[in-house]
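Undergrad: Any chance you could fold what I've pasted below:
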Amino acid sequence: AYDAVYLALALARSLPLATLDRKLAAAARGEGAVVLGPFANDG
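TA: Here you go, the predicted model:
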C-alpha cells in the first residue's frame, strides 16, 4: 500500500518516481509520471 502513496506523492508534486519495482514503474508510467530506475524505459 505504501507504493500507492509514493506514486500519489510523485504525481501531486510533479516529481519523478525512483523505484526498483517493475509493477510500480508500469503503474507510474500509466499515470504519466517520469520513472527513474532500471525499469524506466520498459513498456
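
Undergrad: check contacts around the most centrally placed residue in the chain.
TA: By C-alpha atoms, centre = their mean, the chain has its centre lying nearest to Ala28, at 3.6 Å. Counting by C-beta atoms under 8 Å, 6 or more residues apart in numbering, Ala28 touches 7, 10, 17, 19, 35. The C-beta positions use only the backbone N, C-alpha and C, and glycine is treated the same way.

Undergrad: and the third one, what pLDDT?
TA: Yep, that's Leu17 we're talking about. With respect to pLDDT, Leu17 has a value of 98.

Undergrad: Quick check: closest non-adjacent residue to it.
TA: Spatially, and ignoring its direct neighbours in sequence, Leu17 is nearest to Ala10 (4.1 Å; C-beta to C-beta, 6 or more residues apart in numbering).

Undergrad: downstream neighbour of the top helix by length along the chain in the secondary structure list?
TA: Scanning the chain for the longest helix, with DSSP state H as the assignment, gives helix 2-13. Heading C-terminal from helix 2-13, the first helix or strand you meet, by DSSP states H and E, is strand 17-18.
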